[in-house]
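Novice: Quick check, what structure comes out for this input:
(chains A, B, C and D)
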2 protein chains.
Amino acid sequence: MDQLSAVFSALGDPTRFAIVDRLLREGELSAGEISATATISPPAFSRHLKLLREAGLVRQRTDRQRRLYSVRPEAVRQISEWTLSHREFWEASIDRLESALEQEMKNDG
Amino acid sequence: MDQLSAVFSALGDPTRFAIVDRLLREGELSAGEISATATISPPAFSRHLKLLREAGLVRQRTDRQRRLYSVRPEAVRQISEWTLSHREFWEASIDRLESALEQEMKNDG
DNA sequence: TCGTTATTTAACGTAATTGTTAATTGAATA
DNA sequence: TATTCAATTAACAATTACGTTAAATAACGA
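Specialist: The predicted model follows:
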């Protein structure tokens, strides 16, 4: 539970959230590919990646000179489980027609 | 999406995560009830609550002298939607891990 | 009205975070 | 072997975050 708060803290920085969201959409990427697009320097990215690693959000593997990063599925599932453990609370309070996902979850549950 | 990162940032502090988690479990609570249990001072709590309000995670209403706080369901749903929008990624990967572990156990037994 | 209760805001110090550039590490290649 | 490429770590400055105590605000009850 304090672990989860560390995960949230890691995602609380916009740069890091963007990294994780992109890794989720595009899959494994190298540090260079991640830092190529944005405004901040490679060292700054490297430190964000280190923090994400330490929070358990991403893993790193080495391929030749490059470090390839990908999201650790368990971390995202952990967040999902927390929200779903309180699903009854927030689901009941929200207009059902607004969310297709909500319906989808009911079918699954 | 940058909104979501602000929500994560708010939950990234252990004290604030504990507040939100407790409000989810116990429902609406006053500022006093929230600050009663813990080690830090009421002013410190008050500022955490303000930050949670500004991040859209909780709402406040007034009852006599007290301020009653509760979680805004939309905020939690927003997090849930983000995780579920990538569910295919993490669910598939975890399934793969689980079947790998199963296979491993068979080999051992 | 006056004091009490509930909570917030103000003022301030310290620790943590985030960025930069320079230096370092380690693998690939001429 | 020397050089280049990919990424990280080191050192430093600026900003933000978080805690404290003291003061302010606002509603209640004697």
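Novice: from here on, contacts and neighbour counts on C-alpha atoms
Specialist: OK.
Novice: all helices of chain A, in order?
Specialist: For chain A, the helices defined by DSSP state H occupy A:2-11, A:14-26, A:31-36, A:42-54, A:73-85, A:87-93, A:100-108.
Novice: For the ones you listed, state which one has the densest average packing.
Specialist: helix A:2-11 (a mean of 22; mean count of other CA atoms under 10 Å in any protein chain shown).
Novice: Give me the contact list for it.
Specialist: Outside of helix A:2-11, the residues within contact range by CA atoms under 8 Å, 6 or more residues apart in numbering or on different chains are A:16-17, A:20, A:51-52, A:55-57, A:75, A:78-79, B:5, B:8-14, B:17.
Novice: And for stretch A:34-52?
Specialist: The contact list for stretch A:34-52, computed with CA under 8 Å, 6+ apart, reads A:Ala10, A:Thr15, A:Arg16, A:Ile19, A:Ala31, A:Gly32, A:Val58.
Novice: of all those, which two lie farthest apart?
Specialist: Spanning the widest gap among these are A:Ala10 and A:Gly32, at 20.2 Å by CA to CA.
Novice: and the gap between A:Arg25 and DNA strand D?
Specialist: 18 Å (CA to the nearest atom of the strand, to the nearest Å).
Novice: For that residue, which residues are in contact?
Specialist: B:His86.
Novice: got a pLDDT number for it?
Specialist: In this model, A:Arg25 is scored at 96, pLDDT.
Novice: cool, and A:Trp90?
Specialist: On the pLDDT scale, A:Trp90 is placed at 89.
Novice: Spatially nearest residue to it (excluding sequence neighbours)?
Specialist: Leaving aside its chain neighbours, A:Trp90 sits nearest to B:Pro73 (4.3 Å; criterion: CA to CA, 6 or more residues apart in numbering or on different chains).
Novice: same thing with A:Arg72?
Specialist: A:Arg72's closest residue in space is A:Val58 (CA to CA, 6+ apart), at 5.0 Å.
Novice: Quick one: residues contacting A:Arg16.
Specialist: Residues counted as contacts of A:Arg16 (CA under 8 Å, 6+ apart) are A:Ala10, A:His48, A:Leu49, A:Leu52.
Novice: Report the two of the residues you listed separated the most.
Specialist: Put simply, by CA to CA the two of those set farthest apart are A:Ala10 and A:Leu49, 9.8 Å from each other.
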